[in-house]
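Student: whatever this is, show me its structure:
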Amino acid sequence: MRPDRPSLQSVTDTAVSTLALLVQRLLDAAVTTYRFLRRLLRRVLRRSRELWSRGRRRAGELLSGPAKRFVTGPLRAVLLGRRTDLSLLVVLASPALALAVAWWVGSAVGYESVVASVRGTWLGTDPSLSV
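Tutor: You can find the predicted model right below:
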C-alpha cells in the first residue's frame with residue numbers, strides 16, 4: 001500500500017513548520033527582551049531623575065542655610081575683612097605699591113644690602129631687627 005503523501009514532502013513540511021515555530025519563538029523572545037529592557041531603562045531613568053532632583057534640592061537647602069551664613073559671615077570677614085570696599089582698594093593698589101617699593105629698593109638701598117640683612121634672619125644665624 002502506498003502512502004497518501006510522499007515521505008520527502010512530509011519531511012519538508014515538518015522541517016518548514018518546525019523552522020517557522022522556531023523563528024516565531026525567537027521573535028517572541030526578542031520582543032519580550034526588548035520590552036523588558038525598555039521598562040528597565042525607563043525605571044532607571046526615572047529613579048535617576050528623582051535622585052538628581054532630590055540631590056539638587058538638598059544641596060540648595062544646605063547652601064541656603066548654615067553654609068551660606070558661614071560663607072557670607074565669618075569666612076567672608078576673614079578673607080575680605082569687614083570693609084570689603086577697603087579690601088578691594090588694597091588689592092587693586094598692591095601691584096602699584098609693589099612696583100614703587102621695588103624701584104625705591106633698587107635705587108636707594110640696593111638689593112645686596114637687603115639680601116645681606118635678610119640672610120641671617122632667614123637662616124636663623126644672625127636675626128636682624130630691620131627685617
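
Student: for the helix or strand of the chain with the lowest mean pLDDT, what is the distance to the chain centroid?
Tutor: In the chain, the helix or strand scored least confidently by mean pLDDT, DSSP states H and E is helix 66-72, which has a mean of 74. Offset of helix 66-72 from its chain centre (Cα atoms, centre = their mean, to the nearest Å): 22 Å.

Student: and stretch 121-131, by the same measure?
Tutor: That offset, for stretch 121-131, works out to 46 Å (Cα atoms, centre = their mean).

Student: contact partners of it?
Tutor: 117-118, 120 (Cβ atoms under 8 Å, 6 or more residues apart in numbering). All C-beta spots, glycine's among them, are computed from the backbone N, C-alpha and C.

Student: before we move on, what about stretch 89-108?
Tutor: Against stretch 89-108 from outside (Cβ under 8 Å, 6+ apart): 111, 114.
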